[in-house]
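Chemist: Predicted model and sequence below, questions to follow.
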Amino acid sequence: MTDLERELNKEQAAAAAKIEGPSLIIAGAGSGKTRMITYRIAHMLEEGIEERSILALTFTNKAAKEMRERIKDLTGLPLKGLTATTFHSFGLGLLKQYIQYLGYKNNFTIYDTNDNTALLKQVITNLGFELAEYNTYSLLSLFSDLKTGRKREIANKNGALNEIYQEWLLSQKAYNVVDFDDLIVLPVRLFEQRPDVLEAVQDRFRYIMVDEFQDTSLLQYRFVAMIAEKYRNICVVGDDDQSIYSWRGADYQNIQSFERDFPERAEFKLERNYRSTGTILEAANRLIVHNKERKDKKLWTEDGKGSQIHLMMSDDEEEEAWRIAEGIKKRAREEGLSYSDFGVLVRTNSLLGTLENALLENGLQCAVSGGQSFFDRKEVRDLICYLKLIVNSDDDVSLLRIINTPRRSIGRVSVEKLREFADRKKISLVDAMTQFAYAADSPVKGKAQESMKTFTKQLEGWQSMMKDGQMSALLVNVINEIGYQEMLEEENPDKPKLIDFKMRSLEFLSSRIRRFEQGNPGSSLRDYLNLMSLDGKENADAQSDKVNLMTMHASKGLEFNTVYLAGVEDNIVPSSRALEEDPKNIDEERRLFYVAITRARKELNISYCEHRKDRMGQSHQVLPSRFLEEIPTGLFSQEDDSTPDNDEDRIGMLEELIAKYSH
């Protein structure tokens, strides 16, 4: 039996032992919550609760995988019946089982942002509106808010935007596709329309645990609260001080909603920190108390204070980036650290480029968050669309993307005839193309008709290969049959390196699919494509020993031995854009800075400049972040010999600058 009191601290053990009824666990940064969750689930299993009755939800596939592996290691059980997954993956599983009750077919496809954008453009054009007049990115953001209930309605119900929105929804359903929002929206709708389905899910999952609860949206909270309502064995773990995703729907006030909906809850606080030094925690505590709407807590550690926070001031962003790079190089060499022990964090993507260049010029490889995804490369996107079409021949958006990739003599007029025929007959474009290809009175003739005949034959052959389970072989076959390399050579006659790079990307895609086949016997191509969509962005060439360069948002859940916070200046930290949108955003900006500070284990470096160029390249004098005033100056050290000489006391300069420019 697991001895909770021996393996966990007092507060963790109490939280892990309480498995009946609702529980709210406030877990501060670095407080060992994952360990506590692992032991809590192991304790549940030892108490005789069936694996299949437990639902553990979190926000990333990486976190879900880590949770499963740690429970396996602790219990020694295969845990085939335990559901430890993300909200969206769980929603997907429910839709696979029940989506037919909402009028969809079970072989639906998941659309990502690129797919949705293509569909939206198609809808705007088909309705006769000028595509150039619409910002599709803003429209998709608005439509997401409408679909998830973050916004109630479009102001003018009879206007063009509402017409586009309604047609976009109808098109998604007609193409038998769902997007990421639907993976939560549709299960909630299912529960509302089919109480019998809700009760079946409630009876299956009688014990629920939600990690990173502060990151749940109102809709996600409703989703999980509906399941928990019958048996009320729900445990939520979160930290309102680390709620930094309001821009994507997260609402830290869900903690208050939970308190209202489950008044009989037990409440626990985990405040002991196992990550950072006393000095770093003191800075974080002194910062975050300026937020008033929060659960009272104070992080503490039994370890020592550690070194002071190193404050760096540079003349401009070029000098700042160079000094950070030199500092990492020097510390890695002198202290025997790996480059992966270093994290360089910024508030906004626009600051990444200068830092990346400086690191590379100093011979330091870096893993950059926010770079182009492997799956966003054109060649990869093209072949993924072929695979999506093979899996779901109703996927008109994928067909339209690749109908002339490579060129097939199927011009715009032919495509318009296909669309018109498909709309009139209420069939897919593939079905329309098949009829056009073989009909004696076909509206298209000559090369276009022959191309349609060839393509539909190829598609039938690929679908036969798919049924035989030849996933990676299928991809290679598609690449060869369509002559993708020949197309690249025709388009790039003088760029052999570019062609080689693109073909290597496709080889890498093939190897990924092959690994998936080998690791998941019996899985289908549809399973792989859905998993790929849920995995989100991945860096295909990520290596272990690289400096981690990322935004503060991307650093959530990570930790590094040594952290550099760059560009800690007013209008960046906090963001001027966020404050312009709503002055109340200052609290979330402070929480974001708090998250950034608490990523550091041993050493924290905070950097700012006296001058910084704007987007037009004009240099302006800037001020240190107002948040630095909220951290006692005694926690900062002056610059040491590892940075270029400067005769002035940096702390004094900070105080002088703040005094000079404060209002």
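Modeler: Here it is on my side, so go on.

Chemist: which helix is the longest one in the chain?
Modeler: helix 496-519 (DSSP state H).

Chemist: Return the distance of that one from the chain's centre.
Modeler: Averaging C-alpha positions (C-alpha atoms, centre = their mean, to the nearest Å) puts helix 496-519 23 Å from its chain's average.

Chemist: Just list the residues touching the residue nearest to Arg248 when sequence neighbours are not counted, thanks.
Modeler: Nearest residue to Arg248, sequence neighbours excluded (C-beta to C-beta, 6 or more residues apart in numbering): Ser217, at 7.7 Å. Yep, even glycine has a C-beta here, placed from its N, CA and C like the rest. Neighbouring residues of Ser217 by C-beta atoms under 8 Å, 6 or more residues apart in numbering: Thr148, Arg150, Ile184, Arg248, Gly249, Ala250, Asp251.

Chemist: and these, which are buried?
Modeler: Thr148, Arg150, Ile184, Gly249, Ala250, Asp251 (16 or more other C-beta atoms under 10 Å).

Chemist: does the second one sit in a helix or strand, and which one?
Modeler: In other words, Arg150. Following DSSP states H and E, one finds Arg150 outside all helices and strands.

Chemist: Please look at it and Asp251 and confirm they touch.
Modeler: No. With contacts counted by C-beta atoms under 8 Å, Arg150 stays clear of Asp251, the gap being 9.5 Å.

Chemist: which neighbours do the two share?
Modeler: Shared contacts of Arg150 and Asp251, defined by C-beta under 8 Å, 6+ apart, comprise Ser217, Leu218.

Chemist: what kind of secondary structure is Lys297 in?
Modeler: coil (DSSP: H, G, I helix; E, B strand; the rest coil).

Chemist: Quick check: it touching Gln242?
Modeler: No. Contact criterion C-beta under 8 Å: Lys297 and Gln242 do not qualify, at 11.2 Å.

Chemist: between those two, who's got more neighbours?
Modeler: Set side by side, Lys297 and Gln242 show more neighbours around Gln242, with 22 against 19, by other C-beta atoms under 10 Å.

Chemist: residue contacts, Asn362?
Modeler: So Asn362 contacts Trp322, Ala325, Glu326, Ile328, Lys329 (C-beta under 8 Å, 6+ apart).

Chemist: need the helices for the stretch 451-600 of the chain, in chain order.
Modeler: 471-482, 484-491, 496-519, 525-535, 576-581, 586-597 (DSSP state H, counting those that start in this stretch).

Chemist: before we move on, back to that, of the buried ones among the contacts of Ser217, which belong to helices?
Modeler: Per DSSP H, the buried ones among the contacts of Ser217 map to helices at Thr148, Ile184.

Chemist: mind giving me TSV with the buried ones among the contacts of Ser217 and columns for distance to Thr109?
Modeler: Below are the buried ones among the contacts of Ser217 laid out as TSV (distance: C-beta to C-beta, whole Å):
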residue	distance to Thr109
Thr148	20
Arg150	25
Ile184	17
Gly249	23
Ala250	27
Asp251	30
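
Chemist: and of the buried ones among the contacts of Ser217, the nearest to Glu603?
Modeler: Ala250 (29.9 Å; C-beta to C-beta).

Chemist: what stretches of the protein score poorly on pLDDT?
Modeler: Residue ranges of the chain with pLDDT under 70: 157, 370-374, 376, 534-544, 638-663.

Chemist: longest strand anywhere in it?
Modeler: strand 600-609 (DSSP state E).
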